[in-house]
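Visitor: Just need the structure, nothing else, for what follows:
(one chain, ligands or ions: 7)
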Amino acid sequence: MHLGLLALASTGAASSYFPVTEDFRPFGPGYNHGAYPQDFGIVGPPNLQAVHDSQNPPTGLAVDSEHNVYLTYPRNMGQTPVNVVRCTSFNDEQPWPNAAIQNCTDGQDPSTCFVNVQNVVLDSIGQLWVVDSGFPADAEDGANALYGGSKIMSFNESSGEHIRTYAIPKEYLQHQMNANDVRINNTLGGGNGYAFITDESTNSSLLSVNLDDGSVIRRLLNTSVVRADEKYVGSYDGNLIYCWNKTEIGYCTTGADGIALASGNVYWGVLASRRYYFISQEAMTDSSLSDDDVLAAVQDPGQCATEQAGFTADKHGRVYILASEQNAIYYVDTQQSEVDMTVNGVQPGGEGRVPADRYVVKTLVRNGMIQHADSAAILDGWLYFNTNQLQLSPDRQYNNTDNRKGPFRSFRVWIGRGPAV
Ligand SMILES: *[C@@H]1O[C@H](CO)[C@@H](O)[C@H](O)[C@H]1NC(C)=O
Ligand SMILES: *[C@@H]1O[C@H](CO)[C@@H](O)[C@H](O)[C@H]1NC(C)=O
Ligand SMILES: *[C@@H]1O[C@H](CO)[C@@H](O)[C@H](O)[C@H]1NC(C)=O
Ligand SMILES: *[C@@H]1O[C@H](CO)[C@@H](O)[C@H](O)[C@H]1NC(C)=O
Ligand SMILES: *[C@@H]1O[C@H](CO)[C@@H](O)[C@H](O)[C@H]1NC(C)=O
Ligand SMILES: *[C@@H]1O[C@H](CO)[C@@H](O)[C@H](O)[C@H]1NC(C)=O
Ligand SMILES: *[C@@H]1O[C@H](CO)[C@@H](O)[C@H](O)[C@H]1NC(C)=O
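Guide: Ligands and ions are numbered 1, 2, ... in the order given. As a prediction, the model looks like this:
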């Protein structure tokens, strides 16, 4: 949607919002920390800029170069009339790139239509990509994704014209491989680049797709760095979150989910955990490495105190983590030149990538308006994100009650930086 349509915009000297750690002063002068029941800290601007209201909970979000917002309404909890939309005003949306592609018809090749798109992502050369899990709304428990349905597709961002489809090879669909999110590096490898996909199934994995020849490698399958914590229990708005089958208590097992590319690395989070990791893009795309080599190349920067559904990154190597348990968005600098603290004896500034043992995650914004931020995108100094109250959805609520309460709002917050390329 265009800037002129922004509602509830809070104006002000946007750049003063950043770095925001200085804004974290929730307590009045002279008061104890914890003297009042409302002593919770808001971090960042108190009024986030609302950009769109959705009647249904969206998972994916992209912004094109003209600030049009795109959202996805996946079919994991049943059929949605439209899978991918472009927002045309604060409340209005239209099917994108067209209405016909939103549903596969009987007998249609599932690589040519949307089965269950989870996210939409802009690359650095004007292409919008969709990632489709390939699980129909009525898929049976234990079934694998449809071959052809599980795919990524590229489209021209201005014309909506379809460019290319990369189907996930059949052999990788085993064990309920569940493509959830994607990021593109258009220059890696010298040709058309690579796509990196998270597989949020219980066994979980990461995939890399060579965008020249369409070859795919599946890595880290069923390893600890992609699998959920045993008996993971989350927290949301102060309540503990289990996974429920009616009145039977259970534990969510969602694996690798959010993903971002920065500093030549792939970053991802394991949803039902408070763990995130990174690995070099070279290691993820090098088919000569053994699975053990790839696992050994994974870097562990420590836990991040939240489950995290979405990641994004800016052009200075700052990675943003959507921190749903904290009603927050975090950030972490991965380039030493951006670091502003002395850590383990290393002064601020300098060169090169920050090693995992010196990662310091900080809070960009924390606000009651952030009700499970799920996907984010950066454009012209703004970080856009959607919210969908995932933890209040039937799977995560007692007796499978749907406690989500829409409309579901998407926002933007000023960061003064452009997207990673
Ligand atoms: C997709 O199919 C559903 C019914 O399965 C229907 O309600 C919806 O209108 C269809 N969407 C489009 C864009 O045709
Ligand atoms: C997208 O379409 C526009 C207009 O049709 C064209 O000028 C542009 O080159 C296309 N971009 C890509 C990446 O194909
Ligand atoms: C994990 O993979 C194994 C086989 O490798 C399979 O038997 C099992 O069903 C998978 N589990 C899940 C929950 O996908
Ligand atoms: C997957 O990992 C789990 C937990 O480490 C293990 O119990 C299970 O046997 C593994 N499955 C396969 C097929 O490797
Ligand atoms: C929920 O419980 C029912 C009855 O025990 C069982 O048949 C079903 O498979 C369970 N569903 C899931 C998703 O585990
Ligand atoms: C994409 O790949 C190029 C070439 O390897 C690399 O220089 C660049 O840092 C990568 N981009 C990101 C965002 O990681
Ligand atoms: C669970 O929800 C069903 C309706 O879906 C209702 O009939 C039942 O009484 C509820 N059970 C409990 C224990 O709340």
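
Visitor: so N367 touches F40, yeah?
Guide: No - if you go by Cβ atoms under 8 Å, N367 and F40 don't touch, sitting 10.0 Å apart. (Glycine included, C-beta is placed from N, CA and C.)

Visitor: Between those two, which is the more surrounded one?
Guide: N367 (19 against 11; other Cβ atoms under 10 Å).

Visitor: Now T342: closest residue in space that isn't a chain neighbour?
Guide: Residue nearest to T342 in three dimensions, not counting chain neighbours: P348, with 6.5 Å by Cβ to Cβ, 6 or more residues apart in numbering.

Visitor: ok, how many other residues are close to that neighbour?
Guide: By other Cβ under 10 Å, neighbour count at P348 equals 12.

Visitor: now it: how far from ligand 5?
Guide: 50 Å (Cβ to the nearest ligand atom, to the nearest Å).

Visitor: just the residues of the protein that are near ligand 2, which are they?
Guide: Applying Cβ under 6 Å from any ligand atom, one finds that the chain approaches ligand 2 through 125-127, 156, 158-159.

Visitor: and which of the residues you listed is nearest ligand 5?
Guide: Q127 (36.6 Å; Cβ to the nearest ligand atom).

Visitor: so what's whichever residue of the chain sits closest to ligand 5 up against?
Guide: For the chain and ligand 5, the shortest gap (Cβ to the nearest ligand atom) falls at N245, measuring 3.6 Å. Shown in contact with N245 (Cβ atoms under 8 Å, 6 or more residues apart in numbering): N400.

Visitor: For it, name its beta-bridge partners.
Guide: Beta bridges link N245 to E248 when assigned by DSSP bridges.

Visitor: Low-confidence ranges, the stretch 101-250 of the chain, go.
Guide: Of all residues in the stretch 101-250 of the chain, none has pLDDT under 70.

Visitor: quick one: the strands in it?
Guide: 117-122, 127-132, 151-156, 162-167, 179-185, 194-199, 205-210, 216-219, 234-236, 239-241, 243-245, 248-250 (DSSP state E, counting those that start in this stretch).

Visitor: Ok, the stretch 251-400 of the chain next?
Guide: Applying DSSP E, counting those that start in this stretch to the stretch 251-400 of the chain gives strands spanning 256-262, 265-270, 276-280, 308-313, 318-323, 328-333, 362-366, 373-379, 382-387.

Visitor: circling back to that earlier point, and the residue of the chain closest to ligand 5, how far from ligand 1?
Guide: According to Cβ to the nearest ligand atom, N245 and ligand 1 sit 26 Å apart.

Visitor: Now do the residue nearest in space to the middle of the chain against N47, distance only.
Guide: Central residue of the chain (Cα atoms, centre = their mean): G310, 2.3 Å from the mean position. Using Cβ to Cβ, to the nearest Å, we find G310 at a distance of 22 Å from N47.
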